[in-house]
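Visitor: how does the following fold in three dimensions:
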Amino acid sequence: MALLNARDVYGRRQEAINIWVVPSVAITASTPEDMGPFFDPGNDKMYRWPNYYKTPEGIKQI
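Guide: Model (predicted):
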């Protein structure tokens, strides 16, 4: 049933090329205790900043 529902939601908009379905017991979420270093931004990793990349010609939405 999950596979059919996912197909109806995502497949009709042509956003999916495949669909994965897993049991809910296989899904793991982070906890509020993970908020520290786990989610801290990488300010020391300058190569991740977008201002170091050139936008290709023809791209107008960035």
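Visitor: now the closest residue to Phe38 other than its chain neighbours. Its backbone dihedrals?
Guide: Setting aside the residues directly before and after it, Phe38 is nearest to Ser30 in space (CB to CB, 6 or more residues apart in numbering), at 6.7 Å. Any C-beta I mention is one placed from the backbone N, CA and C, and that applies to glycine too. Backbone geometry at Ser30, expressed as degrees, to the nearest 10, gives phi -80, psi 160.
Visitor: gap between Ser30 and Ala16?
Guide: Taken as CB to CB, to the nearest Å, the spacing of Ser30 relative to Ala16 amounts to 25 Å.
Visitor: the two - which one has more neighbours?
Guide: Counted by other CB atoms under 10 Å, Ser30 and Ala16 do not tie: Ala16 has more neighbours, with 13 against 9.
Visitor: who's in contact with the helix or strand where Ala6 lies?
Guide: Element membership for Ala6 (DSSP states H and E) is helix 2-10. Applying CB atoms under 8 Å, 6 or more residues apart in numbering, the set of residues contacting helix 2-10 from outside is 16, 19, 21.
Visitor: just the CA coordinates of it, formatted as CSV?
Guide: Taking C-alpha atoms only, helix 2-10 is exported to CSV below (Å, rounded to 0.1, in the frame of the first residue of the first chain):
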residue,chain,number,x,y,z
ALA,A,2,2.9,2.4,0.8
LEU,A,3,4.3,1.8,-2.7
LEU,A,4,1.0,2.6,-4.4
ASN,A,5,0.5,5.8,-2.3
ALA,A,6,4.0,7.0,-3.0
ARG,A,7,3.5,6.3,-6.7
ASP,A,8,0.3,8.3,-6.7
VAL,A,9,1.9,11.3,-4.9
TYR,A,10,5.3,11.5,-6.6
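Visitor: state the mean pLDDT of it.
Guide: Along helix 2-10, the predicted confidence averages to a pLDDT of 87.
Visitor: what residues sit buried inside it?
Guide: Neighbour counts over helix 2-10 (16 or more other CB atoms under 10 Å) mark no residue as buried.
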